[in-house]
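[1] The following block contains a protein sequence and its predicted model.
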Amino acid sequence: MSKVVNFDAIVIGSGISGGWAAKELTEKGLKVLLLDRGRNVEHGKDYVTEHRGPWEFDYRNRPLRELYREQYPIQSSHFVFDETTRHYMNNDRDNPYQFVGNNPFHWIRTDVVGGRSLVWGRQVYRFSDLDFSANALDGHGIDWPIRYEDIKDWYSHVENFIGVSGQAENLPQLPDGEFLKPMSMNVVEKHFKTKVEEHYDDRIATIGRVAVLSENHNGRAQCHYCGPCERGCSTGSYFSTQSSTLPAAQKTGNLTLRPQSVVETLVYDHQTRRVTGVNVIDAQSGEKLYFSAKLVFLCASTIATTQILLNSKSDAMPNGLANGSGVLGHYLMDHSMGLAAMASFEGFDDQYYYGNRPNVIYVPRFRNLNGNDGESNFIRGYGFQGLARRSNWRGMYTKVPGFGAEYKRALEQPGPWSMMLFGYGECLPQHENRVTLSKQRDRFGIPQAAVNFRWHNNELKMREDIANQAKGMLEAAGASRVFASTAIKTPGAAVHEMGTARMGRDPKTSVLNRYNQAHQVPNLFVTDGSCMTSSSCVNPSLTYMALTARAVDYAVKNLRAGKL
Amino acid sequence: MNRREFLKRTAAAMGIGASSSLMLGALAGCDGSPPLVNHTLKEEHRPLIAALAELIIPETDTPGAIAAGVPDFIERIVSGWYTKTERQIFLDGLVQINDHCQRHFAKDFVACDQSQQAEGLAHFEQLAKQYQPPPRGMFDRTAPEDEPFFNKIKELTVFGYFTSEIGATQALRWLPMPGQYIVDYPVSEVGRAWAN
């Protein structure tokens, strides 16, 4: 390990946001220390499960129930977790957190360099002014200190680097991006799109916008349609820290990566009103280390970032670093997520597909676009992610009766077509939904994060419309056996937890200003999900990337001008 | 290796009294998986499990369950992955199906002919229809613990077959790196279901 302790900048967290901070800062010539609490995962080399067939797993990738119960009770609740990805995921027994009262919250996370950029869903959508102005218009939360115009070029900047496959649709509520060619819809999805757009005049179905390459891009190869991206992709065809931002940072020669580095506190000097450095505990040896820097980018992910800020309290800042407003930890949000409807499609039995598309179809928000729709009993909106596919032996084996040669032959063939629509609903910022520090400490002596979150009335009312609309669309498309549900998965299951260190114009009601700079600490920037002032209904990671690149640009300009 | 051959060799091993750990070592060596930790399954269970698996997924124009290593997989699941409850239901089921064949055909299951075996298993399929599963989440990954014997032997056989290398690559189409995504692709071009 490097013996250097002083850097121009320290980036805490190497996930979606931290990877971008490291890339942008090193490319501008700063010497950067990139810290992550997790172990290293090297691109290609460490994707140990990448092309394994199920027969190459001890129990054929069946869940190891006792192990999961004991060590991964939270992570194993999420569909991304299984024997092909467990080596990336957080051990909940070794690294616990708390949830308060009867409000369960599933904090789904990794414990490796690259963070969730290794296992994420790769869906990328821009926020629009419908999103940025929502709080101001309906009074929930505080106004964003930015609008689409402020971030537009930064969306382009990040999209051009990462490569996004998508279809331009010219919708005001879902701005188009810089797209590589769109992926295709299969026969049933195309049928669904045609019928829905015939039947309704207020909505469309489009192919998902995804951070997976449909064309070779920036030295990375296009997707091979293998399927399980979350195991790791040696061709670098989807965006992850490992495939994209980390190599760019390393190429500059300015990057020092230090895995297994748990950040305990940021050190604040009240005389200079600056963060001077970071206290780190080595996750393997327990050794305590200190690194100093002129600039700190805190990108540890929403809950972890706020945990660090709360734990970095001092006499000058008794409620936590940069928490003069008292709002740090409050206004936690997550998208409501659930299977809104599923149905069967008959009449396509001679059709199939070739390859596994790492993408869904998307029905962009069509609700409450111009104030409240007359009949809607909720505010804001939601979008659908969906897909159609043919079932296989896994879905068929209990439904096909009997056993023997005919039974076997039936299971060797593709099963019936079905379609699923998952609704992602916007979540209003609520003061009581919050992250605090528990009295219980973790194995490093750091107070654990405690999450208190529940859905409120608007999220619940919205689910009714989500279910009804999904059902209506499938019926309009001629589906049979339509099943609809208002059920919301446990909070945290969407893995879009946001808020707790929100951006705002007023230091009395926000932690960060319009450049993600802490109001009270000019050399501290926070650009991960914690900065979000509202949640929209669209996947947030692209916005984290854009805000990060924009904040780095601002920070470095000011650093060089002597203002930080 | 075909069904008859497997049963002959197993019986021969039993007759010579080959130590079970040697047998286990041989089975475990086939696919590189670790040897079984405990010996829940008795020697006499193995031909019965093999016969049941082959009855459910027989050799057709593609290999059957025995050729795909399903009996070994079932053994590994029952002894190493199943809960106590699941294991008990499974083991009781093996006893019950033999008792049924003794009562109806005056023979153990493995000694019955094909149609007698089919009748025997069908009897347990009928019994299983009375089972009321508990309410479950749509995306629950495992079958309910208390599923009856027929459901278990069927699930293990089917799962063991289609996740085996032979099952996935010969009975289904295994394509780990397609290279492209093609829609409007006729089933007739593939001929089988995709394995992945």
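    That came through, no problem. All values reported here derive from a predicted model rather than from experimental measurement. Numbers count the residues shown, from 1 in each chain, chains lettered A, B, ... in the order given.
[2] Tell me the buried residues in stretch B:104-119?
    Neighbour counts over stretch B:104-119 (16 or more other C-beta atoms under 10 Å in any protein chain shown) mark B:105, B:108-110, B:112, B:117 as buried. Glycine gets a C-beta too; all of them are placed from N, C-alpha and C.
[3] Need the distance between the two termini of that stretch.
    10 Å (C-alpha to C-alpha, to the nearest Å).
[4] now that stretch: how far from the chain's centre is it?
    The gap between where stretch B:104-119 is centred and where its chain is centred comes out at 18 Å by C-alpha atoms, centre = their mean, to the nearest Å.
[5] sorry, back to before: what two of the buried residues of stretch B:104-119 are the furthest from one another?
    For the buried residues of stretch B:104-119, the maximum inter-member distance is 11.5 Å, found between B:105 and B:110 (C-beta to C-beta).
[6] What parts of the stretch 451-564 of chain A come near chain B?
    Within the stretch 451-564 of chain A, no position lies close to chain B (C-beta under 8 Å from any C-beta of the partner chain).
[7] at 10 Å what do you get?
    Contact residues, the stretch 451-564 of chain A versus chain B (C-beta under 10 Å from any C-beta of the partner chain): A:483, A:485, A:487, A:489.
[8] partner residues bridging the residue nearest to residue A:364 when sequence neighbours are not counted?
    Leaving aside its sequence neighbours, residue A:364 sits nearest to residue A:174 (C-beta to C-beta, 6 or more residues apart in numbering or on different chains; 4.4 Å). Beta-bridge partners for residue A:174, by DSSP bridges, are residue A:171.
[9] ok, which stretches of the stretch 301-450 of chain A are helices?
    A:302-311, A:393-396, A:405-411 (DSSP state H, counting those that start in this stretch).
[10] quick one: which of these is nearest residue B:193?
    The minimum distance between residue B:193 and these falls on helix A:393-396, with 6.9 Å, by C-beta to C-beta.
[11] Tell me if the closest one is near chain B.
    Yes. Using C-beta under 10 Å from any C-beta, helix A:393-396 reaches chain B at A:393-394, A:396.
[12] tell me what that helix is packed against?
    helix A:405-411, helix B:149-162 (3 or more C-beta pairs under 10 Å, 6 or more residues apart in numbering or on different chains; DSSP states H and E).
[13] could the ones you listed be laid out in TSV, adding mean neighbour count, mean pLDDT and distance to residue A:111?
    Compiled in TSV, the helices and strands packed on helix A:393-396 are given as follows (neighbours: other C-beta atoms under 10 Å in any protein chain shown; pLDDT from 0 to 100; distance: least, C-beta to C-beta, whole Å):
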stretch	mean neighbour count	mean pLDDT	distance to residue A:111
helix A:405-411	18	98	38
helix B:149-162	24	98	30
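[14] export those to JSON lines and tack on distance to residue A:563?
    Listed next are the helices and strands packed on helix A:393-396 as JSON lines, based on distance: least, C-beta to C-beta, whole Å:
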{"stretch": "helix A:405-411", "distance to residue A:563": "68"}
{"stretch": "helix B:149-162", "distance to residue A:563": "63"}
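[15] looking at those, which is closest to residue A:56?
    Among the helices and strands packed on helix A:393-396, the nearest to residue A:56 by C-beta to C-beta is helix B:149-162 (14.3 Å).
[16] Does anything pack onto that closest one? Which helices or strands?
    Going by 3+ C-beta pairs under 10 Å, 6+ apart, helix B:149-162 lies up against helix A:393-396, helix A:405-411, helix B:45-56, helix B:70-80, helix B:84-105, helix B:114-128.
[17] so how far is the second one off the chain centroid?
    Mean C-alpha position of helix A:405-411 versus that of the full chain (C-alpha atoms, centre = their mean) differs by 41 Å.
[18] Alright, calling it a day.
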